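In: need a 3D model of the following:
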Amino acid sequence: MQKYNDEFNFCMWHTNPENVKTLKSKRREFITMMDQLAEAQTSLLEDSNCIIKDSKTMIDTLPKKTVQEQEFYKRISLCVPNNILNVTKSSKPEIPENFQQILKRFDKMQEWSIGFLVSRVARRDEKFDILFLDNATKLLTKPGLVAVKFESWTPELGVGIAQNSDFKFRFTQLNYEEKFHHHKWKTISAAYSSKSPEELKRRLESQKSVLEEEEREEKKIEDYVTKILDQFQKVQLQYVFVKQQLEEQQKVQSELDHTEKSVKSVQDLIRKQFNTVQKECPVCLLDFTNGINSERCPLVWQCGHTTCNNCSQTLVDITKPFKPQCPVCRKKHTLKKFTPNFGLMPKPT
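Out: Numbering: from 1, shown residues only. All right, here's what the predicted structure looks like:
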């Protein structure tokens, strides 16, 4: 009975129009808040997807840039061995080995020519003259001989060489070939001088600015990627926070729905009780009778409950000199008399 009374009080309080109106307004506020949270969550998800897409693009681009720079550095490092065969510490190019051999033979040929011109007494000796010409011929006809340069053709040298026409022909031919090779050597020397350490240094200095620019661009890319990742972490934290709030709001909404269902069920029960006509006394469980002064006449307590005349008077006599209590809700009846409930009296037959 006490449980029934508590539920009845709870239902009566919630059936107040003002309380129901307040409950509905709170529900609308919760629904509005949930909609706003859902929109914020959708916006955050879209932003996080854009940030993830941009970061993936930057991460995919960064290895390509790194490979290009490595290839560029590789080309720079291969510049010297691929293009310059012999580079000395000074700016003067080194004389190739074949030209060094030519100069050595040229010096030796000069020694023989000077000895041939100066040693007039020695040339009177036929045996020495023959040996000298033979050695000179061997020198000029040595296998692998390249061009030798002679500055001028002196008459004395012509007298000595006239003794052997082959020697003069060979000498003239070698002089012509030497001029050709000497010109070629000068061309190669000029090409080598353009690739001297100073020239290489200048080229490397020009490439240094390009490398520095590439490094700056790479650093900008790394900083941008780092910034994007930081923003993405912040968005993730905001997403977790919003998700927690949304879960809490959903929990409150579920409780609110449960409360609303309980109130509705109680209201339905109250309507059902109101629509059901009470035909018997809740104390003695006997049917009410017609007649104001009859023993089973329905009388209304101050709280609104109805009992028969006999039970009501009995409760009044038992509780004297105190005020009687309603047998249904235990509320005191402060009125001196009970009012007949004509609505529950059976119609006379």
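In: where does L299 fall, secondary structure wise?
Out: strand 298-300 (DSSP states H and E).
In: sec struct for Q278, please.
Out: Three-state call for Q278 (DSSP: H, G, I helix; E, B strand; the rest coil): coil.
In: that older thread, run through the neighbouring helices and strands of the strand holding L299.
Out: strand 306-308, helix 309-319, strand 339-340 (3 or more CB pairs under 8 Å, 6 or more residues apart in numbering; DSSP states H and E). Yep, even glycine has a C-beta here, placed from its N, CA and C like the rest.
In: what's the most buried one of those?
Out: Neighbour counts (mean count of other CB atoms under 10 Å) averaged over each of these peak at strand 306-308, with a mean of 23.
In: secondary structure class for K347?
Out: Under three-state DSSP, K347 comes out as coil.
In: next up, the contacts around S312.
Out: 299, 301, 324, 338 (CB atoms under 8 Å, 6 or more residues apart in numbering).
In: recalculate using a threshold of 6 Å.
Out: 299, 338 (CB atoms under 6 Å, 6 or more residues apart in numbering).
In: how many neighbours does N341 have?
Out: A count of nearby residues for N341, using other CB atoms under 10 Å, gives 18.
In: grab the nearest non-local neighbour of it.
Out: P298 (4.2 Å; CB to CB, 6 or more residues apart in numbering).
In: what is the burial count for that neighbour?
Out: 27.
In: please apply the same query to Q207.
Out: Applying other CB under 10 Å, I find that Q207 has 15 neighbouring residues.
In: going forward, count from 386.
Out: Right, with 386 as the first residue, what we last looked at is Q592.
In: element containing it?
Out: Using DSSP H and E, the element containing Q592 is helix 582-660.
In: need the mean per-residue confidence for that helix.
Out: Helix 582-660 shows a mean pLDDT of 79.
In: tell me which other helices or strands that helix touches.
Out: helix 387-399, helix 402-462 (3 or more CB pairs under 6 Å, 6 or more residues apart in numbering; DSSP states H and E).
In: swap in 10 Å and give it another go.
Out: helix 387-399, helix 402-462, helix 464-468, helix 550-579 (3 or more CB pairs under 10 Å, 6 or more residues apart in numbering; DSSP states H and E).
In: looking at the ones you listed, which one has the lowest mean pLDDT?
Out: Lowest mean pLDDT within these: helix 464-468, a mean of 42.
In: how is the chain divided into domains?
Out: The chain breaks down into these domains under automatic domain parsing: 387-455+596-660, 482-578, 663-734.
In: next, count neighbours for K649.
Out: Using other CB under 10 Å, K649 is surrounded by 11 other residues.
In: tell me how far R715 lies from C696.
Out: R715 is 15 Å from C696, where distance means CB to CB, to the nearest Å.
In: I'd like to know how far the residue nearest to N726 sits from C693.
Out: P683 is 6 Å from C693, by CB to CB.
In: shared neighbours, the two?
Out: Both P683 and C693 are contacted by 665-666, 672-674, 729, under the criterion CB atoms under 10 Å, 6 or more residues apart in numbering.
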